[in-house]
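[1] build me a model from this:
(4 chains)
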Protein chains: 2
Amino acid sequence: MYGDNEICHARCTTTVRQNAGMLELAILGFLYDAPLHGYELRKRITALTAHVRPVAESTLYPAIKRLEKSGLLVRATEPGAVAAPRHVLSLTDQGRRELRRRLAEPDQRDITDENRWFTVLAFLRHLDDAAAQAVVLRRRLAFLEEPASFFYEGDRPVRAEELDDPFRRGVLTIARATSRAEVGWLRETLDSLGG
Amino acid sequence: MYGDNEICHARCTTTVRQNAGMLELAILGFLYDAPLHGYELRKRITALTAHVRPVAESTLYPAIKRLEKSGLLVRATEPGAVAAPRHVLSLTDQGRRELRRRLAEPDQRDITDENRWFTVLAFLRHLDDAAAQAVVLRRRLAFLEEPASFFYEGDRPVRAEELDDPFRRGVLTIARATSRAEVGWLRETLDSLGG
DNA sequence: CGAAGATACCTCGTCACCGATGTATGGCGA
DNA sequence: TCGCCATACATCGGTGACGAGGTATCTTCG
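    Modelled structure (predicted):
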């Protein structure tokens, strides 16, 4: 169903592949709108995530190959408009289904890691169902609302005001501001989705 | 100097090892304060980063081994206070120097990726020199101040208000709030460092 | 006494990602 | 016309990280 990922070897039991990587998600997401060739795809991914987490070319092309091998996308060679010949990539029906599945049932990592979460958000509109979108947003909201700190003394979380380390205080200050902004946005958006 | 990393094989030229991983930084950082055994170390790292990016045991122990092999830490076996015998880990002088070096000259990734950046911040107090701390903070400030967007139409960055996709608008809204909070904190802290 | 659960460490196979490098083509300025 | 840069794709070896197991000790509770 999901490419060659259902087969795990050796000491590994059969699972739906975890660790699916936000790069693949981004590829599927951008191709969902329109076919693109690799180089253009790379520029879009770079714009989306690269100032945070640059994507090496040597990572992109193997990822495309993986997705092709799994039947999620196909390529058509086209004479290069500007330079060398291009491979125009487009999603198969299976690829489109797979994107929607990954958006609807994101890995817990995609919820907790801000980088991955932003990638999910960037393509969440491709879920046609507002209820399904709301489910995903609520998972993020639940994560942000569970009490969590960065620093502990024993079992007790340390509050920003107690820290004499200005840098650790910064971490807490910034995290708090981010969280507040996002919780506000999530609530608003959930309201407007009629969830 | 930095373990066995100065030797690169085959098609690889000699470099100071990039991609040093925030896990190693966290290990060095926590051990800088006090010797710890692996299990306790894991709990502290978990508290620091795990609700965002969980650390598997199978990642921690090999990382400890790497650092030991590089001469950055040593272990002393101790009868287990509660259960199985522990390996108490402590930094060598070389390890202490290496932490300070990694903090003083962080990889660009450590500046741009919020997860890595928070790890740097969590231990930045271990740089004894306020000027050196200020240099690092200014790198982050410079990064946050350079104009960057997530979404483009052609070459023009798209502003939050123009987007009809509520989720992408969310990405921009949240990123903006975070950035504002952090820039404010950075300026304040730089002032108080006398930079 | 025996099972359960926390503590504590470890190995193995797999995989995504990386940097370095290679190979073309076409446009542009000196 | 020569070099340089952008376009466009690809391979290779190395490495950090992961999930799935395994081993052993000590405490707690029934």
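[2] now A:Pro106: phi and psi?
    Recorded main-chain torsions at A:Pro106 are phi -70, psi 150, according to degrees, to the nearest 10.
[3] chain neighbours aside, what residue packs nearest to it?
    Distance criterion Cβ to Cβ, 6 or more residues apart in numbering or on different chains; nearest residue to A:Pro106, sequence neighbours excluded, is A:Val120 at 5.4 Å. All C-beta atoms are positioned from the backbone trio N, CA, C, and that covers glycine.
[4] any idea which element that neighbour lies in?
    If you go by DSSP states H and E, A:Val120 is part of helix A:114-123.
[5] number of residues surrounding the residue nearest to A:Pro106?
    For A:Val120, the neighbour count with other Cβ atoms under 10 Å in any protein chain shown is 26.
[6] could you measure from the closest residue in space to A:Thr46 that isn't next to it in sequence over to A:Leu48?
    Spatial nearest neighbour of A:Thr46, chain neighbours left out: A:Val55 (6.2 Å); criterion: Cβ to Cβ, 6+ apart. Plainly put, A:Val55 is 9 Å away from A:Leu48 if you go by Cβ to Cβ, to the nearest Å.
[7] so for these two, which sits in the more crowded spot?
    More neighbours surround A:Leu48 than the other of A:Val55 and A:Leu48, with 25 against 19 (other Cβ under 10 Å).
[8] quick check: that one vs DNA strand C, distance?
    Per Cβ to the nearest atom of the strand, to the nearest Å, A:Leu48 is found 13 Å from DNA strand C.
[9] may I have the secondary structure class of that residue?
    Secondary structure, DSSP: H, G, I helix; E, B strand; the rest coil: A:Leu48 is helix.
[10] give the contact list for it.
    Counting by Cβ atoms under 8 Å, 6 or more residues apart in numbering or on different chains, A:Leu48 makes contact with A:26, A:118-119, A:122, B:150-151.
[11] redo those residues as TSV? Include neighbour count.
    Formatted as TSV, the contacts of A:Leu48 follow (neighbours: other Cβ atoms under 10 Å in any protein chain shown):
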residue	neighbour count
A:Ala26	23
A:Phe118	22
A:Thr119	26
A:Ala122	23
B:Phe150	20
B:Phe151	20
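[12] now the strand or helix carrying A:Ser58: average pLDDT?
    Secondary-structure assignment from DSSP H and E places A:Ser58 in helix A:57-69. Confidence for helix A:57-69, expressed as mean pLDDT, is 93.
[13] for A:Lys65, the count of nearby residues, please.
    Per other Cβ under 10 Å, the neighbour tally for A:Lys65 reads 12.
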